[in-house]
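>>> Give me the fold of what follows.
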Amino acid sequence: MPEVRLAGSTPIDAVITWVDGSDYSFSEKLKPFLNGRPRSTIPGASLTRFASVNEIKYCVLSILTFAPFIRKIFIVTDNQNPKIFDTIQKYYPDRLSSIFIVDHKDIFSGYEEFLPTFSSRSIESMIWRIDGLSNNFVYFNDDNFLVRPVKPSDWFVNSKPVLRGKWTPAPILRLLWYWVTLLAQRHLLQKDHFEPRPSFHIGQWFAARLSGYVFRYFANSHTPHTVGCKVVAEFLSHNQKVLTKNIMYKFRNHYQFNFVSLSNHLQIKQGNKYFAKSDLVYMQPVGRPSGYIDRKIACCIQNPQIKFLCVQSLEQCSASDRDKIYSWMDSILNLDAMGAPSSLDTSSNNVISK
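Just a heads-up that it's a prediction; the model follows:
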């Protein structure tokens, strides 16, 4: 890694995308775009993609606890209230004014014809348009948590994002498997509307190709992602067809590129060489053998390099497993010592509007 220099005072913000798929109005908004098909037949419309079991509370509290230097936290949502403000009032009342709810209509200003959208890739492609967002920001899914103190230099050095991942050959076999599966299902099994699940890695490779990397790509994992806003803003502003093609899909689609991967490859193309390991524990606890969660938690505790935790499909966990994960999060966030949270039902919010 090049010489580290921590000069400069560019603030660092956090952006979290969040949705509550159990909300009636959201379900009604989504329904017309299913075209009468069961949600299970549209990979990007599956219930698990929109489920919420209070991960947002732990995501935000982990940022405030372990990255107190974060200036602002923007929660991007579709006319919904994450009901986080009573929790923040209880534990971090001095940070209430730094939490903002950003609606899709704000970041899609001028592109309203693409709303509503239920594709995370479409939404991610527009988060750089948040009003008041710092050039240096960290993008979180709501199932990303910090589990140890993080320093600004873990995310940005010399005003450049620290890129977490590794170089990987182009995913040719994944691409072949996609087409084999698609053709077999549609033509041999006569499932005319079958769509394979969009590949996390192929979406990253598509982004790499936009940046001129064809035979390999810098693969990122499920960590919080660092982004230099100006770099992606300049590229997407000058490549309107690329942008509009990526946000045209109502549900996550195979042909969409990954926004974070685009940011990473643009950074690399401009000479960014600040690479780091993922420092991540990835947990997908559904259907795992006994002791799985305990082993993952032990890995977080015993390895001082681990800073990030991603827990996917929490809504599919048993209540006891979910309680075990949240109880551990309560302990490392010191919530018991700070007092039990008050009701999460609140109508108060900070709203960013353009």
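>>> Verify the assumption that residue 281 is located in a helix.
No - Residue 281 is assigned strand when assessed by DSSP: H, G, I helix; E, B strand; the rest coil, not a helix.
>>> Verify the stated contact: it with residue 311.
No - using C-beta atoms under 8 Å, residue 281 is not in contact with residue 311, being 9.0 Å away. For every residue, glycine as well, the C-beta is placed using N, CA and C.
>>> show me where pLDDT drops low in the stretch 51-200 of the chain?
Along the stretch 51-200 of the chain, the model assigns pLDDT under 70 to residues 51.
>>> Check the chain and tell me which residue is nearest its centre.
Nearest residue to the geometric centre of the chain (C-alpha atoms, centre = their mean): residue 141, 2.7 Å.
>>> what's the burial count for residue 291?
9 (other C-beta atoms under 10 Å).
>>> what's the spacing between it and residue 283?
13 Å (C-beta to C-beta, to the nearest Å).
>>> Now for the two: what residues contact both?
Residues touching both residue 291 and residue 283 by C-beta atoms under 8 Å, 6 or more residues apart in numbering: none at all.
>>> if we can go back for a sec, can you give me phi and psi for the residue nearest to the centre of the chain?
Phi and psi for residue 141, reported as degrees, to the nearest 10, are phi -80, psi 160.
>>> ok now do it, which residues does it touch?
Here residue 141 is in contact with 16, 17, 120, 222, 310 (criterion: C-beta under 8 Å, 6+ apart).
>>> mind listing which of these are in helices?
residue 120 (DSSP state H).
>>> Return the member of the contacts of residue 141 nearest to residue 106.
Closest approach to residue 106 among the contacts of residue 141 (C-beta to C-beta): residue 17, at 13.3 Å.
>>> Quick check: the closest one touching residue 120?
Yes - assessed by C-beta under 8 Å, residue 17 is found in contact with residue 120 at 6.5 Å.
>>> beta partners of residue 103?
In this entry, residue 103 is beta-bridged to residue 77, by DSSP bridges.
>>> Any figure for the gap between it and residue 294?
According to C-beta to C-beta, residue 103 stands 40 Å off from residue 294.
>>> Give me the number of neighbouring residues for residue 124.
By the measure other C-beta under 10 Å, the count of residues near residue 124 is 25.
>>> And for residue 170, the neighbour number?
For residue 170, using other C-beta under 10 Å, the count is 17.
>>> Is it in contact with residue 216, as I believe?
Yes - using C-beta under 8 Å, residue 170 is in contact with residue 216, at 6.1 Å.
>>> hey, where'd the strands end up in the stretch 101-250 of the chain?
Taking DSSP state E, counting those that start in this stretch as the test, the strands found in the stretch 101-250 of the chain are 136-141, 144-146, 156-157, 160-161, 163-164, 166-169, 216-219, 225-228.
>>> What is the fifth one packed up against?
This points to strand 163-164. On a contact count with 3 or more C-beta pairs under 8 Å, 6 or more residues apart in numbering; DSSP states H and E, strand 163-164 meets strand 225-228, helix 259-269, strand 275-276.
>>> got the contact list for it?
With C-beta under 8 Å, 6+ apart as the test, strand 163-164 has contacts from 218, 220-221, 223, 225-226, 264, 267-268, 272, 274-280.
>>> May I have the strands that pair with it, each with its orientation?
Here, using DSSP bridges, strand 163-164 pairs with strand 275-276 (parallel).
>>> what mean pLDDT would you report for the strand it pairs with?
With pLDDT averaged residue by residue, strand 275-276 scores 97.
>>> Let me have the contacts of residue 141 in JSON lines, adding neighbour count and distance to residue 136 as columns.
Output for the contacts of residue 141, formatted as JSON lines (neighbours: other C-beta atoms under 10 Å; distance: C-beta to C-beta, whole Å):
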{"residue": "16", "neighbour count": "26", "distance to residue 136": "16"}
{"residue": "17", "neighbour count": "20", "distance to residue 136": "18"}
{"residue": "120", "neighbour count": "19", "distance to residue 136": "22"}
{"residue": "222", "neighbour count": "20", "distance to residue 136": "21"}
{"residue": "310", "neighbour count": "19", "distance to residue 136": "22"}
